[in-house]
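> need a structure here:
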Amino acid sequence: MRLGYKISKFSFFIRASSPGFTLIELMLVVAIFAILSSGSIIFYQKFYSKNNINVAANTIVQTIRRAQVLSRAMSGNENWGVYAGSGQVLLFRGNSSTTRNSSFDEEFELPGNILTDGNVEIIFNKFSGEPNVSGTINLTSNTDESITITINSKGMVGYQ
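Numbering: from 1, shown residues only. Just a heads-up that it's a prediction; the model follows:
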């Protein structure tokens, strides 16, 4: 009888150490996963916001440079300009964004979380390519990232 008792106790012991996970181990893994994923979500949101503001700055700078090149080339024998504001950048042919020939428009959307500091319009003179205004365009994101685009009186464009 004792021998049978030891065998059953031994077999019970084997069953207790059989492969598998306890509830505590599973809860620990879930907690570690939750901590790591919450940190990566915060990192992703910052990366996404920084990427959006860089895309917006590149879009505006490239559109300004394209308008300047088209003006220097006297494409259509008219001035070319850029309008930046309200979530879009507009490349247009003419002396103003309100009196333009809209059949030559090129429109680019800015990411939704990027704001410009008002409505900015820059017109480039044909042949010389010089802008009618010089100054800055400030871009800000919803996470307080900011980029300033500058254009001087000769049409040099840069951003930081």
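
> Which pLDDT value belongs to the nearest residue to residue 142 once chain neighbours are set aside?
Closest residue in space to residue 142, ignoring its immediate chain neighbours: residue 113 at 4.4 Å, by CB to CB, 6 or more residues apart in numbering. The way it works is simple: take the backbone N, C-alpha and C, and place the C-beta from them, glycine included. pLDDT for residue 113: 84.

> With the one 5 residues further on instead?
In this model, residue 118 is scored at 74, pLDDT.

> That one reaches residue 83, doesn't it?
No: with contact defined as CB atoms under 8 Å, residue 118 does not reach residue 83; the gap is 11.3 Å.

> So between these two, which is more surrounded?
Comparing residue 118 with residue 83 by neighbour count (other CB atoms under 10 Å), the higher total belongs to residue 83, at 23 against 10.

> next structured bit after the helix or strand bottoming out on mean pLDDT in the chain?
None of the helices or strands of the chain scores lower by mean pLDDT, DSSP states H and E than helix 2-16, at a mean of 50. Going down the chain from helix 2-16, the next helix or strand is helix 23-72, by DSSP states H and E.

> elements contacting that next one?
strand 80-85, strand 88-93, strand 106-109, strand 114-116, strand 120-124, strand 135-141, strand 146-151, strand 157-159 (3 or more CB pairs under 8 Å, 6 or more residues apart in numbering; DSSP states H and E).

> which one of the ones you listed has the most crowded surroundings?
Most buried of these, by mean neighbour count (mean count of other CB atoms under 10 Å): strand 80-85, with a mean of 24.

> Return the list of strands paired to that one, each annotated with direction.
strand 88-93 (antiparallel), strand 120-124 (antiparallel) (DSSP bridges).

> neighbouring contacts of the last one?
Residues lying outside strand 120-124 but in contact with it, judged by CB atoms under 8 Å, 6 or more residues apart in numbering, are 64, 67-68, 70-72, 79-85, 95-97, 130-133, 137, 151, 155.
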